[in-house]
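Participant: Here is my input; please provide its structure:
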Amino acid sequence: MNPRIKQIIEESILIKRQLLQSDALLDLLEKITEVCTIALKADCKLLFCGNGGSAADAQHLATEFSGRFYIDRRPLFAEALHVNTSMLTAVANDYDFNQVYSRQVQAKGRRGDVLFAISTSGNSPNVLAAVDQAREQQLVTVGLTGATGGKLTGRCDFLLNVPSTDTPRIQEAHILLGHIICELVEKNIFQ
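Facilitator: Prediction:
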């Protein structure tokens, strides 16, 4: 057997152990869950953005809310901002790729909505622009990043920075954190 297989799994477990041992991060996760619950109960929405694998994570988590997670229930308004390719390519072509999310936040975002900004580095220019636009419009902003938080540090209302600099391990942890939020929000609203 290739020893790297076990090593990769061990690395993933180690990061999740670090998450488990961080009371500050777990408290923050609980606060984010409460903010999302309040927003969705007030008929506000959750918006998600990211690039590459983080875009896939954004779409995955938005679907958990708008489809279902554990409970067969009514859909909740959650959207990944990159799924409209016509909008994405038009803004990238007519303006700049760095504006593909901020223009959508400007169009769709309303006070009380929640924007999840996913960037393993915390430095993606289009994600940063989306957060800046969201803050201007009084959306709640949640950043999901790696260890340093990058430029998202201090820009988001809440920052979940995974204690790693390894992109695949960070993304694995982002899905774990997102699934926790989905499960708890669903229970808060429907049970």
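
Participant: Just give me how far stretch 102-114 sits from the chain centre.
Facilitator: Using CA atoms, centre = their mean, to the nearest Å, we find the averaged C-alpha position of stretch 102-114 to lie 15 Å away from the chain's own average C-alpha position.

Participant: in the chain, which spans are strands?
Facilitator: Per DSSP state E, the chain has strands spanning 46-49, 78-80, 114-118, 140-145, 158-161. These are given in chain order.

Participant: can you tell which of those is closest to Gln59?
Facilitator: Between Gln59 and the strands of the chain, the shortest separation by CB to CB is 4.1 Å, and it involves strand 78-80. All C-beta spots, glycine's among them, are computed from the backbone N, C-alpha and C.

Participant: Point out the other helices and strands that that closest one packs with.
Facilitator: The helices and strands touching strand 78-80, judged by 3 or more CB pairs under 8 Å, 6 or more residues apart in numbering; DSSP states H and E, are strand 46-49, helix 53-66.

Participant: Make a markdown table out of the ones you listed and add mean pLDDT.
Facilitator: Written out in a markdown table, the entries for the helices and strands packed on strand 78-80 read as follows (pLDDT from 0 to 100):
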| stretch | mean pLDDT |
| --- | --- |
| strand 46-49 | 98 |
| helix 53-66 | 98 |
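
Participant: about what we covered before: may I see the strands of the chain arranged in a markdown table, with mean neighbour count and distance to Asn93 as well?
Facilitator: Formatted as a markdown table, the strands of the chain follow (neighbours: other CB atoms under 10 Å; distance: least, CB to CB, whole Å):
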| stretch | mean neighbour count | distance to Asn93 |
| --- | --- | --- |
| strand 46-49 | 28 | 18 |
| strand 78-80 | 22 | 20 |
| strand 114-118 | 29 | 23 |
| strand 140-145 | 26 | 27 |
| strand 158-161 | 20 | 32 |
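
Participant: Tell me which of these lies nearest to Asp94.
Facilitator: strand 46-49 (18.7 Å).

Participant: mind exporting that closest one as PDB, just the C-alpha atoms?
Facilitator: This file holds the C-alpha atoms of strand 46-49, laid out as PDB (Å, rounded to 0.1, in the frame of the first residue of the first chain):
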ATOM      1  CA  LEU A  46     -27.800  33.200   1.900                       C
ATOM      2  CA  LEU A  47     -25.400  34.000  -0.900                       C
ATOM      3  CA  PHE A  48     -22.200  32.100  -1.600                       C
ATOM      4  CA  CYS A  49     -19.100  32.900  -3.700                       C
END
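
Participant: Which strands border that strand, and is each parallel or antiparallel?
Facilitator: Strand 46-49 pairs in its sheet with strand 78-80 (parallel), strand 114-118 (parallel), by DSSP bridges.

Participant: burial of Ile9, as a residue count?
Facilitator: 10 (other CB atoms under 10 Å).

Participant: Helices of the chain, start to end?
Facilitator: 3-21, 23-41, 53-66, 85-94, 102-108, 125-136, 167-190 (DSSP state H).
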